[in-house]
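Chemist: With the sequence up front, the predicted model follows.
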Amino acid sequence: MDEPQLNLDNLNRGVQRLSAIATDATANPAVEDATERLSETVEELRVAEEDLREQNEEMLRSRRALESQRLRYQDLFEFAPDAYFVTDPNGVILEANHTAAQLLDVPQQFLPGKPMSVFLPNDDRAPLRALLRRVAQDARISDYSLRIVPRNGPTVHMSATVVAIAAGGPALALRWILRDMTERMRAQEDVQVLNDQLETRVAERTAELQRANAAKDEFLGLVSHELRTPITTILGNSEILARLPSSLTAEQRDLALGDIHGEASRLQRIVDNLLVLARLEQGEQIAREPIIVRRIIEHLVREHQQRHPHRAITMSFEGAAVPVEASPFGVEQVLRNLLENAEKYSLPQTPIEVQTRVAVDALEVRVLDRGLGLADDETTQVFNRFYRSPRAEQNASGVGIGLAVCKRLVEAQSGRIWAQPRPEGGSEFGFSLCIDPDDARAGAES
């Protein structure tokens, strides 16, 4: 920008010399005409001088503006949060900002002259060369995904935007903007994992629903069958009693009434078990209070023997006077189901035993029979809803919910329930209920 200033100075000196010549020439009339023309020339030169001065000032302003823009671009380039590179058409680095140096873990002053390919895995170098050829030919903006391998550190997944710098012909240079996509890709992977887990859960839930529907259908079939038999017996005997009251002997009437009572009791137990199971599965809590289990056992055994007078039942109590924290209704339901289960699967001439025993901080209650017994793999299955072993199905009908109700009731009272075969044949079904440790010691001593 100094050259225009020098020309302007020369012009000033020329104008001054011409002015001096014109002043001297006024003394000679012969050259008056030439002097006038010379004055005009001097005036034109002064106008040209003023125009040149204005152009010089405009050029100075333009230079300052360009320098300001260059510095601003340099600051933006240098301190940008993304990695910026300028390379030649072959991918050799010409410039790199501070973020790029941090990304590659190479001092900034050592980056110019290095090919971009040295920071890529071997598998990514051929695609990079193809990209460079395409960008150099088309001079368009291209988006590209690549992996950067810093000098020290793990591979980084990047998103690159490449812009060709051209002047009406082949690309002179390429501008690169690189953004770290590692966190985004990790988030996408996490989303994919969550989607896979969701699909798995949906598939599992669908399978559960299918199993539940199948179990529901099976349950409805079993319940229909189990309800139909007692209802048929009740209706048949009631019709006989209603139509032929005078032609029946006293023994026949007692048998009919006994059948009606027995089947009605069976219906009541099925309905009671269904209602209890439904309430427990809906999350209903069982209220507990201190109770004496022995009283409940004695009451239920008397009730059972009234319905089954030919069945021998023995009772033995150890610590049965110790109170437990339980629900009277819940304990009655469990014991009634266990007694009916033993009755159903035992021969009439074999006894049923009911025992209690204090164990640490719990009272254990056992119902033992000499019936079909249990296989080793059935000791937990028998407490599943609707489960009935093949041997049980051959010997007696049932819905398969009585023992499931027992398990839910005992666990709802913070107790434990079990089943196991007896060495000499038959089964043991037992459950335990919590008692205070001091009460347990006092009961054991008594």
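Modeler: Right, received. Where do you want to start?
Chemist: okay, CA-based contacts and neighbour counts for the rest of this
Modeler: OK.
Chemist: Tell me which residue is most central in this structure.
Modeler: Leu194 (5.4 Å; C-alpha atoms, centre = their mean).
Chemist: from the middle of its chain, how far away would the regular element (helix or strand) spanning that residue be?
Modeler: Using DSSP states H and E, Leu194 sits within helix 182-243. What separates the centre of helix 182-243 from the centre of its chain is 24 Å, taken as C-alpha atoms, centre = their mean, to the nearest Å.
Chemist: Which stretches in the stretch 1-150 of the chain count as helices?
Modeler: Here the stretch 1-150 of the chain has its helices, by DSSP state H, counting those that start in this stretch, at 3-25, 32-79, 98-104, 122-138.
Chemist: which helices and strands does whichever strand or helix holds Arg266 pack with?
Modeler: Using DSSP H and E, the element containing Arg266 is helix 250-281. Packing partners of helix 250-281 (3 or more C-alpha pairs under 8 Å, 6 or more residues apart in numbering; DSSP states H and E): helix 182-243, helix 402-412.
Chemist: Let's have those helices in CSV, adding distance to Glu428.
Modeler: Shown next, in CSV, are the helices and strands packed on helix 250-281 (distance: least, C-alpha to C-alpha, whole Å):
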stretch, distance to Glu428
helix 182-243, 26
helix 402-412, 13
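Chemist: Include mean pLDDT and distance to Phe383 when you put those helices into JSON lines, please.
Modeler: JSON lines is the format used below for the helices and strands packed on helix 250-281 (pLDDT from 0 to 100; distance: least, C-alpha to C-alpha, whole Å):
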{"stretch": "helix 182-243", "mean pLDDT": "77", "distance to Phe383": "15"}
{"stretch": "helix 402-412", "mean pLDDT": "87", "distance to Phe383": "5"}
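Chemist: Among the ones you listed, which comes closest to Leu132?
Modeler: helix 182-243 (23.6 Å; C-alpha to C-alpha).
Chemist: If you count contacts, what does the closest one end up packed against?
Modeler: Using 3+ C-alpha pairs under 8 Å, 6+ apart, helix 182-243 is in contact with strand 156-166, helix 250-281.
Chemist: of these, which approaches Ile93 most closely?
Modeler: Comparing the helices and strands packed on helix 182-243 by C-alpha to C-alpha, strand 156-166 comes nearest, at 13.1 Å.
Chemist: okay, the closest one in CSV with CA atoms only?
Modeler: Taking Å, rounded to 0.1, in the frame of the first residue of the first chain, the C-alpha atoms of strand 156-166 are listed here in CSV:
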residue,chain,number,x,y,z
VAL,A,156,-12.7,-41.8,17.7
HIS,A,157,-15.7,-41.9,15.4
MET,A,158,-16.0,-38.6,13.5
SER,A,159,-18.4,-36.9,11.2
ALA,A,160,-16.5,-34.9,8.5
THR,A,161,-17.7,-32.1,6.2
VAL,A,162,-15.3,-31.5,3.3
VAL,A,163,-15.5,-28.3,1.1
ALA,A,164,-13.4,-27.8,-2.0
ILE,A,165,-11.6,-24.4,-2.5
ALA,A,166,-11.6,-23.8,-6.3
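Chemist: which residues are contacting that strand?
Modeler: 135-136, 139-150, 171-182, 185 (C-alpha atoms under 8 Å, 6 or more residues apart in numbering).
Chemist: Of the residues you listed, which belong to strands?
Modeler: 142-148, 171-180 (DSSP state E).
Chemist: quick revisit: so which of the helices and strands packed on helix 250-281 has the densest surroundings on average?
Modeler: Of all these, helix 402-412 carries the top mean neighbour count, a mean of 22, counting by mean count of other C-alpha atoms under 10 Å.
Chemist: angle of that one against helix 250-281?
Modeler: 50 degrees (axes from the mean of the first three to the mean of the last three C-alpha atoms, to 10 degrees).
Chemist: Report the distance from helix 402-412 to the chain centre.
Modeler: 32 Å.
Chemist: Over to stretch 174-189?
Modeler: Counting by C-alpha atoms, centre = their mean, stretch 174-189 comes out at 25 Å from the chain centroid.
Chemist: Please work out which residues outside it touch it.
Modeler: Looking at stretch 174-189 with C-alpha under 8 Å, 6+ apart, the contacting residues turn out to be 82-89, 91, 156-165.
Chemist: Correct me if wrong: Leu241 contacts Arg253.
Modeler: Yes - counting by C-alpha atoms under 8 Å, a contact exists between Leu241 and Arg253, whose distance comes to 7.1 Å.
Chemist: returning to what we had before: return the member of the helices of the stretch 1-150 of the chain having the minimum mean pLDDT.
Modeler: Per-stretch mean pLDDT for the helices of the stretch 1-150 of the chain is lowest at helix 3-25 (a mean of 60).
Chemist: quick one: contacts for the closest residue to Phe119 other than its chain neighbours?
Modeler: If the residues on either side of it in the chain are set aside, Phe119 comes closest to Val149, at 5.2 Å by C-alpha to C-alpha, 6 or more residues apart in numbering. Contacts for Val149 were tallied using C-alpha under 8 Å, 6+ apart; they are Leu104, Phe119, Leu120, Pro121, Thr155, Val156.
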